[in-house]
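Trainee: A predicted structure for the sequence below; I have some questions about it.
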Amino acid sequence: MSPFAGEGANLAMYDGAELGNAIATHPDDIEAALTEYEQALFPRGTEAATESAHNHGLLFGDNTPHSLIDLLTGHQQPV
């Protein structure tokens with residue numbers, strides 16, 4: 001994921017805690033723990049990656065700097 005949503009470290013910390021919780025819930029079945037963990041991980045990661053890709057386009061896309069100015073002045077809605 002590109003760093004343009006500012007969520008990488010937050011997700012890493014949260015995902016680590018969630019993985020620990022899943023393993024604690026299923027200590028004798030790591031596959032079940034991973035399956036439970038991944039069911040929430042992938043949608044959460046996809047949302048952050050989508051926002052990051054959108055922001056990357058605002059900063060480095062064909063319409064830069066106008067796309068970023070539009071966002072900052074309220075003429076474009078954030079993702």
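Mentor: Now that the structure is in, tell me what you want to look at.
Trainee: mind listing what the residue most central in space within the chain touches?
Mentor: Most central in the chain under C-alpha atoms, centre = their mean is A48, positioned 2.1 Å from the mean C-alpha point. Going by C-beta atoms under 8 Å, 6 or more residues apart in numbering, A48 touches 1, 5, 7-8, 11. All C-beta spots, glycine's among them, are computed from the backbone N, C-alpha and C.
Trainee: so which two of the residues you listed are the farthest from each other?
Mentor: Greatest spatial distance among the contacts of A48 (C-beta to C-beta): A5 and L11, at 9.3 Å.
Trainee: just the ones in helices from the contacts of A48, please.
Mentor: Among those, the ones falling in helices (DSSP state H) are 8, 11.
Trainee: redo the contacts of A48 as a markdown table? Include pLDDT and neighbour count.
Mentor: Output for the contacts of A48, formatted as a markdown table (pLDDT from 0 to 100; neighbours: other C-beta atoms under 10 Å):
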| residue | pLDDT | neighbour count |
| --- | --- | --- |
| M1 | 65 | 16 |
| A5 | 78 | 20 |
| E7 | 83 | 18 |
| G8 | 84 | 15 |
| L11 | 89 | 18 |
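Trainee: need the contacts of A48 in CSV (columns: distance to E36).
Mentor: Putting the contacts of A48 into CSV (distance: C-beta to C-beta, whole Å) gives the following:
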residue, distance to E36
M1, 22
A5, 25
E7, 22
G8, 23
L11, 17
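Trainee: out of the contacts of A48, who's nearest F60?
Mentor: Comparing those against F60 with C-beta to C-beta picks out A5 as the nearest, at 14.1 Å.
Trainee: quick one: buried residues of stretch 21-35?
Mentor: Neighbour-count burial for stretch 21-35, counted by 16 or more other C-beta atoms under 10 Å, picks out 22-23, 26, 33.
Trainee: for L41, what are its contacts?
Mentor: L41 neighbours (C-beta under 8 Å, 6+ apart): 15, 18.
Trainee: measure it to L59 for me?
Mentor: Between L41 and L59 the distance is 27 Å, computed by C-beta to C-beta, to the nearest Å.
Trainee: mind listing the helices for this structure?
Mentor: Remark: helices assigned in the chain by DSSP H are 8-25, 30-60, 66-72.
Trainee: chain center to the longest one, what's the gap?
Mentor: If I follow you right, that is helix 30-60. Using C-alpha atoms, centre = their mean, to the nearest Å, the mean C-alpha position of helix 30-60 is found 4 Å from that of the whole chain.
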